[in-house]
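Asker: based on what follows, work out the 3D shape:
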Amino acid sequence: MAASPSTSAPAPRSGRTITVNVVFVCSGNICRSPIAEKMLAAEVEAVGLSDRVRVTSAGTGHWHIGAPMDPRAAEVLSGRGFDITHSARQVDAEILAADLLVALDSGHLRSLQCSVPDPKRVRLLRSFDPDAAEGAEVPDPYYGGPDGFDEVYEMIVAALPGLVEYVKRHA
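Answerer: As a prediction, the model looks like this:
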């Protein structure tokens, strides 16, 4: 189960440098990717790697730049003790330079793979879930009700152990 501290992506402690930069990418950076960001940041903190791993998120679109996360996403996270501080941003050159770009669906995967010199740095989030089918996506809950956000949360929970192991191997 996901850890749930009150902060996300703390600054590295002095003397340590970030060795792994992980970025979650969805469409508008207000629903899926910030949920995944906050959840992985909590896990990274729980395993003592927050001084070496940076976790952020971005969207492929510009529609919500500067906006907080969707209130339904915030409710899913805050109800479980996660930090909900967020300001949406769009994918840019800094984001594309990340060590690992985690796409939430196949459209984001293709877009990111075409935008980086090494497409192996781009993975679907659910590829870290051993029980998910190949190519499984995290569906966009934006146009649905609150249940869709709970489903997204559960899909991320299922992928986190594999993603944390990946991060541990590369940190």
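Asker: quick one, longest helix in the protein?
Answerer: Taking DSSP state H as the assignment, the helix of the chain that covers the most residues is helix 146-170.
Asker: now do the buried residues in that one.
Answerer: Across helix 146-170, burial judged by 16 or more other CB atoms under 10 Å covers 148-149, 152-153, 155-156, 158-160, 162-164, 166-167. Placement of C-beta: from N, CA and C, glycine included.
Asker: looking at those residues, which is nearest T19?
Answerer: Proximity of the buried residues of helix 146-170 to T19 (CB to CB) peaks at V167, which lies at 9.7 Å.
Asker: what's the distance between the closest one and A41?
Answerer: 11 Å (CB to CB, to the nearest Å).
Asker: picking up where we left off before, show me what the longest helix of the chain is in contact with.
Answerer: 1-2, 19-20, 22, 31-32, 35-36, 39-40, 43-44, 47, 49, 53, 70, 72-73, 75-77, 80, 99-100, 102, 125-132, 138-139, 141 (CB atoms under 8 Å, 6 or more residues apart in numbering).
Asker: among those residues, which are in strands?
Answerer: When DSSP state E defines the strands, the subset of those inside them is V20, V22, V53, L100, V102.
Asker: if we can go back for a sec, need the buried residues of helix 146-170 in a markdown table (columns: distance to S115).
Answerer: Below are those laid out as a markdown table (distance: CB to CB, whole Å):
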| residue | distance to S115 |
| --- | --- |
| G148 | 28 |
| F149 | 28 |
| V152 | 24 |
| Y153 | 28 |
| M155 | 24 |
| I156 | 23 |
| A158 | 27 |
| A159 | 22 |
| L160 | 25 |
| G162 | 24 |
| L163 | 21 |
| V164 | 26 |
| Y166 | 21 |
| V167 | 22 |
